[in-house]
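Asks: Okay, here's the prediction I keep looking at, along with the sequence it came from:
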Amino acid sequence: MFRNISSFFVVVCAGFLLVGMTFSGRAQIMRRPINQPLSSEIRPCSAPDRILVKFKKLGDIRAQESIKASIEAFFGIQEIKKFTLIDVSVYRTFLDKEKTLVELNASPYVEYAEADYYRYAKTTFPNDSRFSDQWGLHNTGLNNGTIDADIDAPEAWDLTTGSTSVVVAVIDSGVDYNHEDLKANMWRNPGEISGNGIDDDGNGYVDDYYGIDAIENTGDPMDDEGHGTHASGTIAAVGNNGIGVTGICWNCKIMALRFLSRDGGGTVSDEIECIQYAVNQGVKIISCSFGEYDFSRSEKLAIDTARNSGVLFIFAVGNEGENNETNPHYPSGYDSENIIAVGVSDRNDRLVSWSDYGITTVDVAAPGDYILSTVLNNGYQSESGASMATPHVAGLAALLKSFNPSLSWLEIKNLILKNGDKIPSAEGKLVTGSRINAFKALSGEPRIVLNLQAGEGGTTAPPPGIYDHEENENVTILAIPNTDFEFSQWTGRVPSGQEIINPLFLRMNFSRTITANFRALIYAPLQFEGQRVENRSLSQRETIIVLNWQAHPNNTNITLYCLYEISGSNWNKLADVDASVFTYMHRSLELNQTYSYALVSVNNAGSEGIPAYLTINKERPILFEPSYP
Ligand SMILES: [Ca+2]
Ligand SMILES: [Ca+2]
Ligand SMILES: [Ca+2]
Ligand SMILES: [Ca+2]
């Protein structure tokens, strides 16, 4: 019928003149598909093509029917059903739904028009056959567990069940990529044709379709141990497919990276090869269920460098019950910002006795005791360890990234750490004292992350670091006077004054990470002067220029002055003068020439300030001129 809408237009225009509304441009609105596919990843708020309308009762029935018909024709809406109980009609919309609603609500004949909102079941339970055994996701108290000692996964799945575009790299013993409950969620290298014996994407690995094996340097990360397959199932076993278990992320992708051999060991170099592969493929979340007690500079460097690519690492702590404050465990124990170190909680929400802990070194606990997940050859098995807790956090990170793809590694980390459930046995033992909670993390309040850095030679109070704040919280940053500051949104200058430090007030009402970078402003030395001396003795005919200056009182931490002679566009350094010395004698110069200088203050961070310039003309007064013999 709506192919005919333009033929209704004249009639409708009369109608709308009658009701005194303006609908300019209505005829230009293009038709477009309205039944947009409903993604299982993000749930819509309302039906895309249905609205509810209640008309005002004006005039008699005939008049009402006439007005209703005119409005239906004009707006191109089609009545599907009418609820006599409340005198409200359900309409199908064929044009822009939101615009139609706005305009209907502006009509004097319409009491109201509203979207046909969705209502969702309060919790989303998957149909995977063994979900009831996955106490870490939803604890019903089975096996003497505690009801709700879990990460509230079904509640989180009301918000999202994960996006196919989020990839988690699992650096482990490989993954059984043929497992019935993993196969559909395996990452596949888009640049590689599987099984043709050719390195199609030229990345050095032949047929690296699911990832790599860094031990054998091949493109086949098949798991022969089961450990990586177990971790992968917790992160992203296929959810709601009627079989086996479900991952925390039903639809996310697993990149398989093998560096642990069958005996459970692997080298840092093979691990770094895996990290590099993941970074090169653009992965933002890396799950690592391994570690030991030796510090590796290269491993830390790889982690810190991956931060530049926005990578968040989830690391297992040890299963030795050690205090990582006194006995550090790596890689979980590095002071790198872009890591979450994960300890182990059990089905009664206790930090297990064998979990490593550390008030500054272990961030959070996650279920890791008797965790059912995928193992080799389409199997399922319960395992215990920080290796099982870690993928719970990695899965949650992936769920968060699915829910809001714009989240940075830092925002994801903050959402996870700030929105757990406190568990008494973790108090004083973990940074957060909490076990993760997926629902709380997903529905967490927006927080502001302030990344405060002292730039070259700058100082800040509080010290440089990463701080997070509530939205609309006032934040005070102290910086030395006369420092420049740079934010991603704005720049400015801390005003100069008599005080030693001046506060800078920020209202934290941005929704994103802010980087504040304070740079010291170094002023030019004062009273840069020079005097010329002509030496015209028979033995030595030369000009000597004596340069003098004073320190600028606003400068702090000056260590030296760099003196340059300027010749055309060239700056030739004459000397580095110690900061306690304010004079320099430039000797052996040509008679009757003009000389130009620049003097630059340098602070203890090596930062150079604004130059002071000086030109000594040959006409300037001569301080001393020996007489000719
Ligand atoms: Ca629960
Ligand atoms: Ca390749
Ligand atoms: Ca190939
Ligand atoms: Ca499943």
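Replies: Now that the structure is in, tell me what you want to look at. In this text the structure is predicted, and so the values were computed from the model without any measurement. Ligands and ions are numbered 1, 2, ... in the order given.

Asks: from here on, contacts and neighbour counts on C-alpha atoms
Replies: OK.

Asks: Report how many residues lie close to residue 264.
Replies: Neighbourhood size, residue 264 [other Cα atoms under 10 Å]: 13.

Asks: Looks like it contacts residue 173 (just checking).
Replies: Yes: when contacts are counted by Cα atoms under 8 Å, residue 264 is listed as touching residue 173 (7.4 Å).

Asks: Please enumerate the shared neighbours of these two.
Replies: residue 225 (Cα atoms under 8 Å, 6 or more residues apart in numbering).

Asks: Skipping adjacent residues, who's closest to residue 101 in space?
Replies: Excluding the flanking residues, the one nearest residue 101 by Cα to Cα, 6 or more residues apart in numbering is residue 113, at 5.9 Å.

Asks: list the contacts for the one you found?
Replies: 51-54, 101, 104-105.

Asks: Which strand residues bridge it?
Replies: Judged by DSSP bridges, the bridge partners of residue 113 are residue 53.

Asks: so what's the residue of the stretch 101-250 of the chain found nearest ligand 3 scoring on pLDDT?
Replies: In the stretch 101-250 of the chain, no residue comes nearer to ligand 3 than residue 207, which is 3.7 Å away by Cα to the ion. pLDDT, residue 207: 98.

Asks: tally of neighbours for it?
Replies: So residue 207, with other Cα under 10 Å, has 23 neighbours.

Asks: ok, then the element right after the helix or strand containing residue 172?
Replies: Assigned by DSSP states H and E, residue 172 belongs to strand 167-172. Later in the chain than strand 167-172, the nearest helix or strand by DSSP H and E is strand 211-213.

Asks: helices or strands up against that following strand?
Replies: With contacts defined as 3 or more Cα pairs under 8 Å, 6 or more residues apart in numbering; DSSP states H and E, the packing partners of strand 211-213 are strand 253-258.

Asks: quick one, the strand it packs on and strand 167-172 angle?
Replies: 20 degrees (axes from the mean of the first three to the mean of the last three Cα atoms, to 10 degrees).

Asks: could you dump strand 253-258 to PDB, C-alpha only?
Replies: C-alpha atoms of strand 253-258 as PDB (Å, rounded to 0.1, in the frame of the first residue of the first chain):
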ATOM      1  CA  LYS A 253      37.400 -15.200  19.000                       C
ATOM      2  CA  ILE A 254      40.400 -17.200  20.300                       C
ATOM      3  CA  MET A 255      43.800 -16.800  18.700                       C
ATOM      4  CA  ALA A 256      45.900 -19.800  19.500                       C
ATOM      5  CA  LEU A 257      49.500 -19.200  20.400                       C
ATOM      6  CA  ARG A 258      51.600 -22.200  21.500                       C
END
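
Asks: Now do that strand: which elements does it pack against?
Replies: On a contact count with 3+ Cα pairs under 8 Å, 6+ apart, strand 253-258 meets strand 167-172, strand 211-213, helix 227-236, helix 268-280.

Asks: in that strand, what counts as buried?
Replies: Using 16 or more other Cα atoms under 10 Å as the test for burial, strand 253-258 gives 253-258.

Asks: now stretch 199-207
Replies: 199-200, 205-207.

Asks: Ends of that stretch, what's the gap?
Replies: For stretch 199-207, the first-to-last residue distance is 6 Å (Cα to Cα, to the nearest Å).

Asks: Of all the residues in the stretch 251-400 of the chain, which one is nearest ligand 2?
Replies: Residue nearest to ligand 2 within the stretch 251-400 of the chain: residue 277 (10.6 Å; Cα to the ion).

Asks: now the stretch 51-200 of the chain
Replies: Closest point on the stretch 51-200 of the chain to ligand 2, by Cα to the ion, is residue 199, at 4.1 Å.

Asks: which residues touch the closest residue to that residue other than its chain neighbours?
Replies: With Cα to Cα, 6+ apart as the criterion, residue 199 has its nearest non-adjacent residue at 4.1 Å, and that residue is residue 206. Under the criterion of Cα under 8 Å, 6+ apart, the neighbours of residue 206 are 197-200, 218-219.

Asks: element containing the residue of the stretch 1-150 of the chain found nearest ligand 4?
Replies: Using Cα to the ion, the closest approach of the stretch 1-150 of the chain to ligand 4 is made by residue 128 at 4.9 Å. In the assignment (DSSP H and E), residue 128 maps to no helix and no strand.

Asks: Distance of it relative to residue 242?
Replies: From residue 128 across to residue 242, the span is 4 Å (Cα to Cα).

Asks: Make sure residue 305 is indeed in a strand.
Replies: No: counting by DSSP: H, G, I helix; E, B strand; the rest coil, residue 305 is not part of a strand but helix.

Asks: list the helices and strands the longest helix anywhere in the chain packs on?
Replies: Identified as the longest helix of the chain according to DSSP state H is helix 386-403. Applying 3+ Cα pairs under 8 Å, 6+ apart, we find helix 386-403 packed against strand 167-172, helix 227-236, strand 285-288, strand 312-316, strand 339-345, strand 364-367, helix 409-418, helix 438-442.

Asks: between these, which one is nearest to ligand 1?
Replies: Ranking the helices and strands packed on helix 386-403 by proximity to ligand 1 (Cα to the ion) places helix 438-442 first, at 9.0 Å.

Asks: sec struct for the nearest residue to residue 275 once chain neighbours are set aside, please.
Replies: Spatial nearest neighbour of residue 275, chain neighbours left out: residue 302 (7.3 Å); criterion: Cα to Cα, 6+ apart. Using three-state DSSP, the structure places residue 302 in helix.

Asks: ok, back up a step: deepest in the core, which of the helices and strands packed on strand 253-258 is it.
Replies: helix 227-236 (a mean of 31; mean count of other Cα atoms under 10 Å).

Asks: contacts for it?
Replies: 170-176, 181-182, 185, 223, 245-254, 289, 373-376, 387-388, 390-392, 394-396.

Asks: try it again with 6 Å
Replies: Helix 227-236 is contacted by residues 172-176, 247-250, 252, 373-375, 391, 395 when judged by Cα atoms under 6 Å, 6 or more residues apart in numbering.

Asks: I'd like the mean pLDDT over it, please.
Replies: Mean pLDDT, helix 227-236: 97.

Asks: what inclination does it have with respect to strand 167-172?
Replies: Interaxial angle, helix 227-236 versus strand 167-172 (the same axes, to 10 degrees): 150 degrees.
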